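> Only the shape, not the letters, is given here:
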């Protein structure tokens, strides 16, 4: 008996679906508005928080500025213009008292939250007092107002967290006290004489306050008390549902319509919005992607899946090869938008943290001489050419305040920007003839982006021009790196600052002044009573009188060789030509309500 | 179907799983909280603002107390809030991501079992023929090459070399387009994830089938004139599957753990991707939550496979 061989049919297991792409949908080419006014773009970080009271990152502020308003706002040229307030206060229009200590702000009368509530002076008081009590990263923007310290003292530290709900306890406590009009939670310097007037009294003269209060997405932004109280911790991440309380409610032109954490967010235009220009876009669709998806996203942008790339704090996300690819494509090269960004990167020397040691510590002639030697040994123009290919950054030759901002010293005005290898070598011979002091140097930086090639470049410059080997101390954990830098655990470190508002105080106070030192942000440990004294004068003066003082501060830093200037950042965005008015200034993206999509 | 003894066994296993999950979650909790750095510190957040944030989220408490707070919430299905997206409840986030991973894992298991059993049966039926050699060779390649290599090769082949031919049908130029992706988006990751273990199943199925095909009852069935297809599928395959089920446990665990790599390679918004991201972001609660879910999943998957034995082989009793 023989069994028949089984007749099994071997079926092919793989079926490859061939999807033919449909031809792109045609549309009229009349140059008018497109039928669909939905703007689509990717971002490469999830939001940290959109609560203006606690927000601390540009990526969040770029979104927030379209949902919340301040009393004033920065226009596309970074001028301060009225927003909720009817005018920018000056002494000429009686908005600022003759002693400069009292601001009287009249509010527009037609401002509404996007849940329909009218916005009044009480909302300003609530928002600002709340922000001060929360003590977030930008609370100090309101620090010159009388009663600031008292509110922070009253809010104190959060109550002890015993159930994992400490956040609620702390923030709920603030909400409860504000709702009860507890005077301890209200700055004595902010009052509301009537529903449309806010009076702000300062504890001391402040030349930078108006700019700081104008910084959008932070403590100066106006929030809706009723909404915040629905969920004091997490109200900001909830979409707004028409007819229901709660959600990310502001007075801005757009509201959060949908939010899928780590995936996407959708914002919709507020119908009958009170402000101007009225939004043309009906919807903003934002995909949250990994940074590794940038190349694929550029491809998708070329195919029309995205309208632009670089918004939302991601103007530095395009790599050099991608930029070159776009530049080399005649169809898209004109759609690459390059814009100086208000960020400077430099090398900090450890000057004031003895525990870490190092040859650059202190104010001795040796320490200063060695700092100068290591500065002069770096060819800054070469760095911009080699590392940035003259595309990703520009040479920082005019001081640490970025070119284009108030306080910029002028091209070539920073003596530390010089490159003089011969003098560098001579200084090294003079102050470290045996090479003992510079035998075990380290340069610390956080890995990623331009930091790695910059570190390699610096190492090579010091090796070639000084004959000194500097070990590279790379940290893949940015938070650990920042923590080490803030506590002075380094010899030389990558450092940098992106400006918040267009005023030199933002740089000098936050980086080297008494506020920075007290707040634990003085990364170099630089401490100079003269500097602090001049800074105090500059901060109190109107900008025209303050500028020479800030210049003096910059010179003090330069004479002390506190840093090695490296480069100013450059923003690179790709924006389809049919997206009108989209773009960026040195600080922020252009507002969504200015943008329209043309037929294409 | 389940005897009292079996139910007792299930109860014991569940207690063991709970104990394992507890141990694993505490271990991970202690380790991630000991890592340098935290989710909040930045150029802007330091000093007082940082201290307040740490306090708000209970991160300045002793580790055992923090763990106790986590545990109390976890028992009620509340894994706490994200530190990276501040205050966002984690449970809905990880449940969504779990469903994505489950979809991928399910698809990978279909690939694993489908390919593995089919190839194993064909190789056994055509023993020592070119079909056998070919499929056995594929199986050897399958269990010799890690899934991340298969994934990378898949991207290279379908994303680069054949992209014009397939118009991106098997490889998508963007990250996963929605929460669950499309069938086309799912296919390559599922293949990459399932191919590795399918090799082992091919090998075991082939061996088991060869043994079963030599049994007297198979000869009897053929003598009765049954079609080969019926003999192989209805009579041989069922018995041959018993040893296959014995490696289902490791296979499922391989798929679960392998998804961590595959999800990150393909940018799939599942639990595996979240796991890696949360570590880099110092999002402690998410890391611990995801790891705890993984531990529970692996425990439950092992138990489920043990129970499948009872169904496949009635001789097995607990």
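Structure's in. What do you need? These numbers were taken from a predicted model, which means no experiment stands behind them. Residues are numbered from 1 along each chain as shown, chains lettered A, B, ... in the order given.
> and residue B:70, how many residues sit next to it?
For residue B:70, the number of neighbouring residues by other C-beta atoms under 10 Å in any protein chain shown comes to 23. All C-beta atoms are positioned from the backbone trio N, CA, C, and that covers glycine.
> sec struct for it, please.
Each residue gets one of three states, and residue B:70 gets helix by DSSP: H, G, I helix; E, B strand; the rest coil.
> Leaving out the residues flanking it, which one is nearest to it?
residue B:80 (6.0 Å; C-beta to C-beta, 6 or more residues apart in numbering or on different chains).
> Let me see the contact set for that neighbour.
Contact partners of residue B:80, counting by C-beta atoms under 8 Å, 6 or more residues apart in numbering or on different chains, are A:164, B:69, B:70, B:73, B:74, B:89, B:90, B:285, B:289.
> The closest residue to residue A:576 other than its chain neighbours - how many residues pack around it?
Nearest residue to residue A:576 in three dimensions, chain neighbours excluded: residue A:307, at 5.4 Å (C-beta to C-beta, 6+ apart). Neighbouring residues of residue A:307 were enumerated by other C-beta under 10 Å; the total is 23.
> before we move on, what about residue A:37?
16.
> got it, and residue B:254?
Here the number of neighbours of residue B:254 (other C-beta under 10 Å) works out to 19.
> which residues are in contact with the helix or strand hosting it?
Under the assignment given by DSSP states H and E, the secondary-structure element containing residue B:254 is helix B:248-266. Counting by C-beta under 8 Å, 6+ apart, helix B:248-266 makes contact with B:101, B:104-105, B:108-109, B:112, B:147-148, B:151-152, B:155, B:175-176, B:188-189, B:192-194, B:196-197, B:200-201, B:268-273, B:275-276, B:294, B:297-298, B:301-302, B:304-306, B:308, all of which sit outside it.
> Likewise for stretch A:143-160?
The set of residues that contact stretch A:143-160 without belonging to it, under C-beta under 8 Å, 6+ apart, is A:128-129, A:132-135, A:139, A:142, A:166-167, A:169-170, A:173-174, A:177, A:182, A:184-190, A:200-204, A:206, A:209, B:51-52, B:55-56.
> Return the residues of the stretch 201-318 of chain B in contact with chain A.
Residues of the stretch 201-318 of chain B lying close to chain A by C-beta under 8 Å from any C-beta of the partner chain are B:219, B:222-223, B:227-229, B:231-232, B:267, B:269, B:274, B:277, B:280, B:282.
> Narrow the residues you listed to those that are buried.
Among these, the ones that count as buried by 16 or more other C-beta atoms under 10 Å in any protein chain shown are B:222, B:228, B:231, B:232, B:267, B:269, B:274, B:277, B:282.
> So which of those is the closest to residue A:531?
Here the nearest of those to residue A:531, counting by C-beta to C-beta, is residue B:282; it sits at 34.5 Å.
> Could you tell me which residues within the helix or strand just after the helix holding residue B:254 count as buried?
On the C-terminal side of helix B:248-266, the closest following helix or strand by DSSP H and E is helix B:271-280. Of the residues in helix B:271-280, those scored as buried under the neighbour-count criterion (16+ other C-beta under 10 Å) are B:271, B:272, B:273, B:274, B:275, B:277, B:278, B:279.
> closest point of the stretch 301-450 of chain A to chain B, which residue?
With C-beta to the nearest C-beta as the measure, the residue in the stretch 301-450 of chain A that lies nearest chain B is residue A:305; the distance is 7.0 Å.
> Tell me which helix or strand that residue sits in.
Once you assign secondary structure using DSSP H and E, residue A:305 falls outside every helix and strand.
> What count of nearby residues applies to it?
Counted by other C-beta under 10 Å, the residues lying close to residue A:305 total 17.
> do the same with residue B:210
17.
> list the contacts for the nearest residue to it once chain neighbours are set aside?
When the adjacent residues along the chain are set aside, residue B:210 lies closest to residue B:124, with 4.9 Å between them (C-beta to C-beta, 6+ apart). Contacts for residue B:124 were tallied using C-beta under 8 Å, 6+ apart; they are B:132, B:205, B:206, B:207, B:209, B:210, B:213, B:240.
> before we move on, back to that, which ones among the contacts of helix B:248-266 map onto helices?
Residues of the contacts of helix B:248-266 located in helices (DSSP state H): B:101, B:104-105, B:108-109, B:112, B:147-148, B:151-152, B:188-189, B:192-194, B:196-197, B:200-201, B:271-273, B:275-276, B:294, B:297-298, B:301-302, B:304-306, B:308.
> out of those, which are buried?
B:101, B:104-105, B:108-109, B:112, B:147-148, B:151, B:188-189, B:192-194, B:196-197, B:200-201, B:271-273, B:275, B:294, B:297-298, B:301-302, B:305-306, B:308.
> Distance of the closest residue to chain A within the stretch 151-300 of chain B relative to residue B:208?
Residue of the stretch 151-300 of chain B nearest chain A, by C-beta to the nearest C-beta: residue B:228 (2.8 Å). Distance of residue B:228 to residue B:208, computed by C-beta to C-beta, to the nearest Å: 18 Å.
> cool, and residue A:371?
Counting by C-beta to C-beta, the gap between residue A:371 and residue B:208 amounts to 74 Å.
> do the same with residue A:330
Taken as C-beta to C-beta, the spacing of residue A:330 relative to residue B:208 amounts to 62 Å.
> more crowded one of the two?
In terms of neighbours (other C-beta under 10 Å), residue B:208 is the more surrounded of residue A:330 and residue B:208; the figures are 22 against 7.
> just how off-centre is the helix holding residue B:254 within its chain?
Here the centre of mass of C-alpha atoms in helix B:248-266, compared against the chain's by C-alpha atoms, centre = their mean, to the nearest Å, lies 4 Å away.
> How about stretch A:237-245?
Between the mean C-alpha location of stretch A:237-245 and the chain-wide mean there is a distance of 28 Å, by C-alpha atoms, centre = their mean.
> With stretch B:295-302 instead?
Counting by C-alpha atoms, centre = their mean, stretch B:295-302 is centred 10 Å from the centre of its parent chain.
> Could you tell me the average pLDDT over that stretch, please?
Mean per-residue pLDDT for stretch B:295-302: 89.
> and what of stretch A:297-305?
Within the predicted structure, the mean pLDDT of stretch A:297-305 is 92.
> Any buried residues in it, and which?
A:297, A:298, A:299, A:300, A:301, A:302, A:305.
> same question, stretch A:88-104
Applying a neighbour-count criterion of 16+ other C-beta under 10 Å, the buried positions in stretch A:88-104 are A:88, A:89, A:95, A:96, A:100, A:101, A:102, A:103, A:104.
> hmm, which two among these are most spread apart?
Maximum pairwise distance among the buried residues of stretch A:88-104 (C-beta to C-beta): 17.4 Å, between A:88 and A:101.
> what stretches of the stretch 1-150 of chain B score poorly on pLDDT?
Applying pLDDT under 70 to the stretch 1-150 of chain B picks out residues B:1-2.
> can you give me the helices for it?
For the stretch 1-150 of chain B, the helices defined by DSSP state H, counting those that start in this stretch cover B:4-34, B:47-56, B:63-75, B:90-125, B:130-144, B:147-154.
> Okay, buried residues for the fourth one please.
When neighbours are counted by 16+ other C-beta under 10 Å, the buried residues of helix B:90-125 are found to be B:90-91, B:93-94, B:96-98, B:100-101, B:103-105, B:107-109, B:111-113, B:115-125.
> quick check, distance from that helix to the centre of its chain.
Chain-centre distance of helix B:90-125: 7 Å, with C-alpha atoms, centre = their mean.
> Per-residue pLDDT of the nearest residue to residue A:208 once chain neighbours are set aside, please?
Taking C-beta to C-beta, 6+ apart, and ignoring the residues beside it in sequence, residue A:208 has residue A:505 as its nearest neighbour in space, at 3.8 Å. Residue A:505 is assigned a predicted lDDT (pLDDT) of 95.
> Surely residue A:505 and residue A:215 touch.
No: using C-beta atoms under 8 Å, residue A:505 makes no contact with residue A:215, being 12.0 Å away.
> for the buried ones among the residues of the stretch 201-318 of chain B next to chain A, which one is nearest residue B:15?
The shortest separation between residue B:15 and any of these is 28.4 Å, and it belongs to residue B:274 (by C-beta to C-beta).
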